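Peer 1: what follows is a predicted structure for the sequence shown.
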Amino acid sequence: MTTSELDQPSSGAAAAVRFLERIDDPRLSAVYRYWNGLRRGRFAPSYAEVDPIDIPKLLPILLVTQVEETAGGRRYRYRLCGQEVQESFGSPMRGRYIDALMQGRYLTYIEDLYNRVVDGRRPIYSVSAYRGRALQTKRLMLPLSSDAGKVDVVLSAQVFFRPNGLPQTVLAVQEDFEPRG
């Protein structure tokens with residue numbers, strides 16, 4: 001498996017274009033464009049600004065994950081899980097913590113992705129394979145912030161597909177990410 005990050009420095013707008021070019025699924029690109037349109041000069045919009053009426057065709061692939069800071073560390077709880085994602089996952093996810101749904105290396109990988117979004121305050125795009133299943137997923141994770149400072153919710157979009165050839169892992173982090181001015 002290979003891992004790749006966008007690592008060339010550039011202006012924020014050029015980095016956004018390069019990041020979007022890496023996303024080869026039109027539904028994921030549409031989610032990014034919707035989220036980016038809500039930003040209005042900030043690093044992230046708030047969850048309250050996300051209106052399902054604006055994106056009804058994208059709802060089946062969306063996840064909304066609450067970031068919870070606890071004495072024992074950070075935990076992530078699914079507030080919303082689109083039907084397509086839940087069917088592919090195979091069990092109910094809404095209201096559950098990821099550490100109760102996943103385990104082992106997969107849990108570590110998913111927590112790492114969430115931590116990158118929260119700590120880096122920037123979009124993440126990944127492509128990965130499920131071990132033991134002929135299934136891959138493309139995942140876009142976007143920060144949301146109720147106070148324009150910290151990430152308290154992550155808006156994700158996830159699609160599933162059967163790959164041709166060997167599975168791969170791709171990770172793209174939007175570099176030089178700055179609020180629009």
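Peer 2: Thanks, I have it. Numbers count the residues shown, from 1 in each chain.
Peer 1: could you use CA atoms for every contact and neighbour count after this?
Peer 2: Fine.
Peer 1: is it true that Tyr125 touches Val173?
Peer 2: Yes: using C-alpha atoms under 8 Å, Tyr125 is in contact with Val173, at 6.6 Å.
Peer 1: those two: which has the busier surroundings?
Peer 2: The neighbour count for Tyr125 versus Val173, taken as other C-alpha atoms under 10 Å, is higher for Tyr125 (25 against 22).
Peer 1: okay, Tyr76 and Ala157: tell me how far apart.
Peer 2: 16 Å (C-alpha to C-alpha, to the nearest Å).
Peer 1: more crowded one of these two?
Peer 2: Ala157 (27 against 23).
Peer 1: which residues touch that one?
Peer 2: By C-alpha atoms under 8 Å, 6 or more residues apart in numbering, the residues touching Ala157 are 28, 31, 61-63, 139-141.
Peer 1: hmm, try it at 7 Å
Peer 2: Applying C-alpha atoms under 7 Å, 6 or more residues apart in numbering, we find Ala157 in contact with 28, 61-63, 139-141.
Peer 1: and it, that one's in a strand?
Peer 2: Yes: according to DSSP: H, G, I helix; E, B strand; the rest coil, Ala157 belongs to a strand.
Peer 1: show me what it is bridged to.
Peer 2: Leu62, Leu140 (DSSP bridges).
Peer 1: now do it, the pLDDT please.
Peer 2: Note on Ala157: pLDDT of 97.
Peer 1: which non-adjacent residue is nearest the residue minimising distance to the centre of the chain?
Peer 2: By C-alpha atoms, centre = their mean, the chain has its centre lying nearest to Met141, at 1.4 Å. Excluding its sequence neighbours, the residue lying closest to Met141 (C-alpha to C-alpha, 6 or more residues apart in numbering) is Ser156, at 4.3 Å.
Peer 1: hey, where'd the strands end up in this protein?
Peer 2: Using DSSP state E, the strands of the chain run over 62-70, 73-81, 124-129, 136-144, 153-161, 170-173.
Peer 1: ok, and which of those strands has the densest surroundings?
Peer 2: The highest mean neighbour count among the strands of the chain, using mean count of other C-alpha atoms under 10 Å, belongs to strand 136-144: a mean of 24.
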